[in-house]
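J.: Next comes the sequence, and after it the predicted model I'd like to discuss.
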Amino acid sequence: MTTNDDQTTKAPDPTGAPEASRAVRVSKAVLPPLGLGLALVGFWYYVSYVVLEESRRFLLRPIHQVIEVGFLDADNRTDELQALWSSTRIALIGLSIAISIGFTLAIIMSQARVVEKAIFPYMVTLQAIPILAVVPLISFWFGTGATSRIVVCVMISLFPIIVNTLFGLQSAEQGAHDLFTLHHASRMTRLRKLMFPAALPAIFAGLRISAGLSVIGAIVGDFFFGKGDAGIGQLLRRHASRLNGEELLASVILSSLLGVVVFGFFGWIQKRATGRWHDAITAEA
Amino acid sequence: MGTSSKVVTNGSLAFDKIGMVFPDGTEALRDISFTVDKGEFITVVGPSGCGKSTLLKIASGLLEPTGGSVAVDRDHLGYVFQDATLLQWRTVRANVELFSELNDVPVVERRQLAQEAIDLVGLKGFEDHYPKSLSGGMKMRCSLARSLTLKPPVFLFDEPFGAVDEITREHLNSETQQLFLREGFAGLFITHSISEAVFLSTKVLVMSARPGRIVAEFDVPFDYPREPELRFDPDFAELSGRVSVELRGSHS
């Protein structure tokens, strides 16, 4: 056969463009958020010093004080880091459980329409329950310690995993299914070699959302169920009740940092796993 | 696998009084009988929606006909679809190896079969590329290579080149012809392009609008290998014209 025919597409050059244009690209990506960040910091100072008079300044402490008291003070830092570690652990355990349950349910649902139809309404219902409403029940059943925090975390992060995994498993095209049918592939082979790889991009999209939610879940759970080591939720509660403005804001910053890190981590894994073959619309997180 | 009415024949494909009525009552095919023997390349042309693709699905076993029977060896059936249907997460090589893998061919043999097929369709050097970096024509070649690993005595083509541009299509037509001459399979090709049909085939069948029936049959007399310039030969134009007349008649 001839090869001198239709345009042959080359694989993209991994080394990319020359150094100079790389610098331009990086600065184009970094400068806009940096600029906005500076503007926000300026606004923060404006509110702290100009809008609020001395006596009400505890409502929004200037940013350098937040850093000084919240992060640079050794005692506070130890508290923060311990709380961070506690919440991270809860979030990771909760997320792992949510992933196990979510994958299992999605795989079962993908195998038969009737199962999907049976389970789905209950998933939506579960998703619609405000956590606040079941807090008393959870504390009846699981106490007020780590178990309950994990339960809240799972409840909050489960839904996106199920929905995205199921959607992904169902995303393989009919033609590809026909190929497997023609070659008498077993259910397991079809799942392993067709449905699961096809689902990967959607699975990761779900994981990124759920990872962020698991952090929220851990902190919300911690807020209600504080027995045992205190997480960020307990810290927030304590500082709020004592009107410790600096520490409160430091905890808020810490919790959002944790969410960002987890989100970015799953984005990185996604790139490693599907970047070569899938044109994802990836945020540079 | 052979289900009820299928008899395995040596290297040919035979339809016997095939009828197909879908559960919703649509009659797609009526009384289709013809045979494609080794060394024959038969093209079915027909208006869109006339059931041409349904015929191939029945031949492959994806659909059970509601009447009649098919005789063909389904374990070594080449079948390319309208879309290349490549698996995005597999490289060209891994895509071409898919059928061997599904049929538990040992790894070494699998690799060798794939390499032969890849060389044959001119994708040498692209083994490690992912589908997203291939052009439409190259994707189709990859799809052809995947079927070639089966060493198919019978090869089904379901409008495979409908989505590529004119120039690429002509190249792919020539290459398909070379494959046919080299491998000597029994080819059954579906298209709505008269020029493609006449250029490739030993015989052209015209199918009517729904319910699809074979309403005309033309032997194509030109010798192989056929050069692309044949398309501008007066005899080619004359034959194409006659097919066209039948095709238009079949619409009513």
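T.: Received, thanks. Numbers count the residues shown, from 1 in each chain, chains lettered A, B, ... in the order given.
J.: which ones are touching residue 221?
T.: Went with chain A since none was named. Listed by Cβ atoms under 8 Å, 6 or more residues apart in numbering or on different chains, the contact set of residue A:221 reads A:90, A:94, A:148-153, A:233. Glycine gets a C-beta too; all of them are placed from N, C-alpha and C.
J.: other chain: chain B
T.: Residue B:221 neighbours (Cβ under 8 Å, 6+ apart): residue B:235.
J.: Among the contacts of residue A:221, find the lowest-pLDDT one for me.
T.: Across the contacts of residue A:221, the bottom pLDDT score, 88, is held by residue A:233.
J.: Could you count how many residues lie near the closest residue to it other than its chain neighbours?
T.: Excluding its sequence neighbours, the residue lying closest to residue A:233 (Cβ to Cβ, 6 or more residues apart in numbering or on different chains) is residue A:222, at 2.9 Å. For residue A:222, the neighbour count with other Cβ atoms under 10 Å in any protein chain shown is 30.
J.: In this structure residue A:222 contacts residue A:232, no?
T.: Yes - applying Cβ atoms under 8 Å, one finds residue A:222 in contact with residue A:232, separated by 6.3 Å.
J.: list the contacts for residue A:57?
T.: A:48-49.
J.: Locate residue 179 within the secondary structure: which element?
T.: No chain specified, so I'll use chain A. Using DSSP states H and E, residue A:179 falls within helix A:174-182.
J.: Let me rephrase: I mean chain B.
T.: helix B:166-183.
J.: Could you give me the buried positions within that helix?
T.: Buried residues in helix B:166-183, counted by 16 or more other Cβ atoms under 10 Å in any protein chain shown: B:168-177, B:179-180.
J.: Other residues contacting it?
T.: Residues from elsewhere that reach helix B:166-183 (Cβ under 8 Å, 6+ apart): A:1-2, A:5-6, B:41, B:120-122, B:135-137, B:140-141, B:144, B:148, B:151-152, B:155, B:157, B:160-161, B:164, B:187, B:196, B:199-200, B:224-226, B:228.
J.: How far does it sit from its chain's centre?
T.: 12 Å (Cα atoms, centre = their mean, to the nearest Å).
J.: now swap in stretch B:35-53 and tell me
T.: Distance, centroid of stretch B:35-53 to centroid of chain: 8 Å (Cα atoms, centre = their mean).
J.: burial count for residue 29?
T.: Reading this off chain A. Residue A:29 - counted by other Cβ under 10 Å - has 11 other residues nearby.
J.: I was after chain B.
T.: Residues lying near residue B:29 (other Cβ under 10 Å) number 26.
J.: And it, how far from residue B:77?
T.: 19 Å (Cβ to Cβ, to the nearest Å).
J.: For the stretch 101-250 of chain A, list the residues in contact with chain B, please.
T.: Residues of the stretch 101-250 of chain A lying near chain B by Cβ under 8 Å from any Cβ of the partner chain: A:173, A:175-176, A:178-185, A:189, A:193-194, A:197-198, A:200.
J.: Now the buried members of the contacts of residue A:221.
T.: Judged by 16+ other Cβ under 10 Å, buried ones among the contacts of residue A:221: A:90, A:94, A:148-153, A:233.
J.: contacting residues around residue A:190?
T.: A:177, A:180.
J.: all strands for the stretch 101-250 of chain B, in order.
T.: B:154-158, B:186-191, B:203-207, B:214-219 (DSSP state E, counting those that start in this stretch).
J.: Now mean pLDDT too, for those, in CSV please.
T.: Below are the strands of the stretch 101-250 of chain B laid out as CSV (pLDDT from 0 to 100):
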stretch, mean pLDDT
strand B:154-158, 93
strand B:186-191, 93
strand B:203-207, 93
strand B:214-219, 91
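J.: Dump these to a markdown table, plus distance to chain A.
T.: Listed next are the strands of the stretch 101-250 of chain B as a markdown table, based on distance: least, Cβ to the nearest Cβ, whole Å:
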| stretch | distance to chain A |
| --- | --- |
| strand B:154-158 | 10 |
| strand B:186-191 | 15 |
| strand B:203-207 | 22 |
| strand B:214-219 | 25 |
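J.: Need those in TSV (columns: mean neighbour count).
T.: Output for the strands of the stretch 101-250 of chain B, formatted as TSV (neighbours: other Cβ atoms under 10 Å in any protein chain shown):
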stretch	mean neighbour count
strand B:154-158	24
strand B:186-191	25
strand B:203-207	23
strand B:214-219	15
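J.: Tabulate those (a markdown table), appending distance to residue A:107.
T.: Output for the strands of the stretch 101-250 of chain B, formatted as a markdown table (distance: least, Cβ to Cβ, whole Å):
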| stretch | distance to residue A:107 |
| --- | --- |
| strand B:154-158 | 31 |
| strand B:186-191 | 36 |
| strand B:203-207 | 42 |
| strand B:214-219 | 46 |
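J.: Out of those, the one nearest residue A:165 is which?
T.: strand B:154-158 (31.9 Å; Cβ to Cβ).
J.: returning to what we had before: which residues are common contacts for residue A:222 and residue A:232?
T.: A:86-87.
J.: if I pick the residue most central in space within chain B, what's in contact with it?
T.: For chain B, the residue nearest the mean C-alpha position is residue B:157 (1.4 Å; Cα atoms, centre = their mean). Contacts of residue B:157 were listed using Cβ under 8 Å, 6+ apart, and they are B:80, B:176, B:187-191.
J.: All set, thanks.
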